[in-house]
Every structure is written in structure tokens, then in C-alpha cells.
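S.K.: only geometry, no sequence info:
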């Protein structure tokens, strides 16, 4: 059993002055710091460098001995939200023991200035807000028109922690948030409900301070153009949150394929192909880099739409090519006869070679002189359409066999596309003993 002499430790602290430490050494000992304050001033308080052996209580006491804050229990570092001083006079910060905990706590007392504020314009230059005191907020105002669609990004973040973002309508209702952000943020496109002055609010999270750069974009309309089947490539360029569309005319039964290339997007994107009745022929499907859409048979005659849909805040350019996929490049080949070359000219096009074979006959197949722009699949198909070989992926020349033919009849060698690869391939079919 131990018996202690208990007397409070005390000191003074100044608003925006140096940090001050209080250390309690005896269980049950309290501490206090006094400071001078002026009515209407807004202050915040942080504690750090905690060496307490347990939790502690904090309170802020007005000049008339009523409580402005607390007492409230703290376990570790603390941030006291901005408090508006109700009177001019001497205030007291009280460090109150919790059970027998002892140790040190360092205090910082801040003057919280008005919001860091500025104006920003839709489609205009970026604007940076900087908060310098824990508890300080920021705001940006902009003019908007009812029905206008905008997106917002934050970047170049030097905040010492997370922050909240909100977008406030002219009537002070929230169009977005508040929602917590930790690092860069992208706010999905928002349709402005009224004409007037809107406010972007940068709201503090605990005691974090620092800078955030904002960009506000007009994404009211898609980046759009037309593309034709078998025609020239077309490039779409989008802003954060903006989508893109390409329209083309198609005929029922027509087979088309689509590639994207020369990608300068800052991230991924979605692709979709929409039928004339607004149903989806393809996707939407996420793409990261160049894409190849497998051959699609158009179900109706009419106007189709290729949709480039944003993924988070990615921006940049995508180049599209739309192809008419013709029937298979085809020919005949004979066992022991001359080599035959097949050429596919359009992404998604396949090729085929037919030959006559006899039950029990053994054959070997080689491919060479490959000018394919990528890999390809090879298959050998029996007269009953079952597979004698493959399909198997090949990259460059291939050597297959010997294969024993199961029946007498007409066989097919199938050259099947892999991705968007096209080019020429020479086949040689020989008899094997």
C-alpha cells in the first residue's frame, strides 16, 4: 500500500503559442493550463507526445467556471473540435486523472481562422485551398445552371490526414456528401438542380491541415463522333467523368469487330456497343489498355452506338477501328500436295482449308512463313465436325502430328483468330508412316 501527497501541476499556454507539456507523477494528480481568450474567437486544441500510463480526462473551463468542453475521456492523442469562446477572460484547460494513470501530455492551442476561401469556375483553372490551423475549413464557390452536369477532382494533396468533401446547393442543401476522402478524390458527375451559386466545402477531419487542389469540369455532353464499318479510325478524348459515343449504321446479319488503340487514358474505361433499340449488344465491360471486341453479328438494321464510359476519374484519348468481318479465308489443300497460304485481313476473321482423307491414314501438318501480327489457334476437324486436334494456341510456326484419320471423308483445318491478330500463314500437309 502507498500513500501519496497530491497537488495539481499547472502552467499557462498562449493561443498560437508554443506547445506546453504537463506531467503528473502521482496517482490522482491533475493538471491545468490557463489562457486568455476573447469573446467570439474560435479555438481548437490538440494533445500529443502522450506518455500517460493510461487514459485521462480533458476539459475546457470558461471564465465563470462552467464547462466549454468536457470533461471527456481521452486515450492517446486528442483533437478538440473548434470552440467559440463565449466571453473575454481567463480560460482553463484541465487535465484530469483517470484512475491511477500518470505521465506527460503536450498541449497546443490554436486560433481557428475563417474558412480558406476562393472561387472556381466550371471548366476553368485549378484552384488550391490551404488550411493552416487544426479545425480550419475551406470553401470554393462557383456559378452553375440548372441541368448542367459537373464532375470534381482533387489532387496535389499535402494534407496531414484525411478530409471531408461536400458540394452545397444554392439553398444550402447537400448535393454531395459530406464524405471522407484520404488522398486524391473523384466525384462522379452531378446534375445541378438549380441555377445559382454553389459551394464546394473542404471540411477538416480531426486536426489535419494542408493543401488540396481542385478541378471542376463540365461534363454535360458526351464526346461524340461517327464511325463507319471498314472506314477510318476515330479518336475520342474525354474529361474526368465525361463519357464518349460513336454512332454507326449497320445491317441485320452483318458481322463486325472493334479494336481500341493509341490509349492515353489515365486509367481504365468501360466499353459497350448498343443496339438500335438501346439494348446492349456488348458490355459494358471494363478495359485497361487496348481492347479487341470479338466479332458480333448485328441483330437489326439501324443506328448502333459504341459507348466509351468513364471509370472513376480517368481521362484521355482512345482510338477506335470498326471492321466488317468477312467470311473465312478458305481454300483446299491435299495430303502430300503443294503448300497453301491463308491470309486474314481483318481482326476477328478466321480461315479454313479442306482436304480429303482415308480412314487409318496418318498425316502431319506444319505452318510456316508466319506474318501473323499475333498468335492464333489451330484445329483439325473431322467429317462429323468433332475435333481431331485442338483448337490449340500457336505463336509462330507449328508442327502437328502424326494424326490418324478416324474415317474417310472431308476434313477441315481451321485457322482461328486470337485477339485482333491478322496476317498470312502457310500450311503444308504430309502423309506420315
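M.R.: Done, it's in. The structure presented is a predicted model; accordingly, all values stated were derived computationally and were not measured. Residues are numbered from 1 along each chain as shown.

S.K.: so how many other residues sit close to residue 409?
M.R.: 13 (other Cβ atoms under 10 Å). In this view, the C-beta of every residue, glycine as well, is placed from N, C-alpha and C.

S.K.: tell me the bridge partners for it.
M.R.: According to DSSP bridges, the residues that bridge with residue 409 are residue 357.

S.K.: would you mind measuring from it to residue 361?
M.R.: 11 Å (Cβ to Cβ, to the nearest Å).

S.K.: overlap in contacts, these two.
M.R.: The overlap between the contact sets of residue 409 and residue 361 (Cβ atoms under 8 Å, 6 or more residues apart in numbering) is empty.

S.K.: where does residue 52 sit: helix, strand or coil?
M.R.: Classification of residue 52 by DSSP: H, G, I helix; E, B strand; the rest coil places it in coil.

S.K.: centroid residue for this structure?
M.R.: Centroid-nearest residue in the chain: residue 312, 4.0 Å away (criterion: Cα atoms, centre = their mean).

S.K.: for that residue, give me its contacts.
M.R.: 186, 267.

S.K.: gap between it and residue 155?
M.R.: 13 Å.

S.K.: can you check residue 230 too?
M.R.: 41 Å.

S.K.: just residue 331 next, same as before
M.R.: 57 Å.

S.K.: for residue 234, same thing?
M.R.: For residue 234 relative to residue 155 (Cβ to Cβ), the value is 30 Å.

S.K.: next: residue 260.
M.R.: 26 Å.

S.K.: these two - which one has more neighbours?
M.R.: Ranked by neighbour count (other Cβ under 10 Å), residue 260 and residue 155 place residue 260 first, with 24 against 15.

S.K.: and the more buried one, bridged to which residues?
M.R.: residue 291, residue 320.

S.K.: look at it and report its pLDDT.
M.R.: pLDDT, residue 260: 96.

S.K.: was I right about it contacting residue 271?
M.R.: Yes. The pair formed by residue 260 and residue 271 meets the contact definition of Cβ atoms under 8 Å, at 7.1 Å.

S.K.: list the residues that contact both of the two?
M.R.: 287, 291.

S.K.: flag the shaky bits of the stretch 101-250 of the chain, pLDDT-wise.
M.R.: Within the stretch 101-250 of the chain, no range satisfies pLDDT under 70.

S.K.: for it, just list every one of the strands.
M.R.: For the stretch 101-250 of the chain, applying DSSP state E, counting those that start in this stretch gives strands covering 103-111, 116-119, 127-131, 138-144, 149-155, 163-168, 174-181, 185-191, 196-204, 210-218, 223-226, 234-238, 244-250.

S.K.: any idea of the angle the fourth one forms with strand 174-181?
M.R.: In this case it means strand 138-144. Relative orientation of strand 138-144 versus strand 174-181 (axes from the mean of the first three to the mean of the last three Cα atoms, to 10 degrees): 140 degrees.

S.K.: start the count at 258, not 1, going forward
M.R.: Done: numbering now begins at 258, and the last item shifts to strand 395-401.

S.K.: show me which positions of strand 395-401 end up buried.
M.R.: By 16 or more other Cβ atoms under 10 Å, the buried positions in strand 395-401 come out as 395-397, 399, 401.
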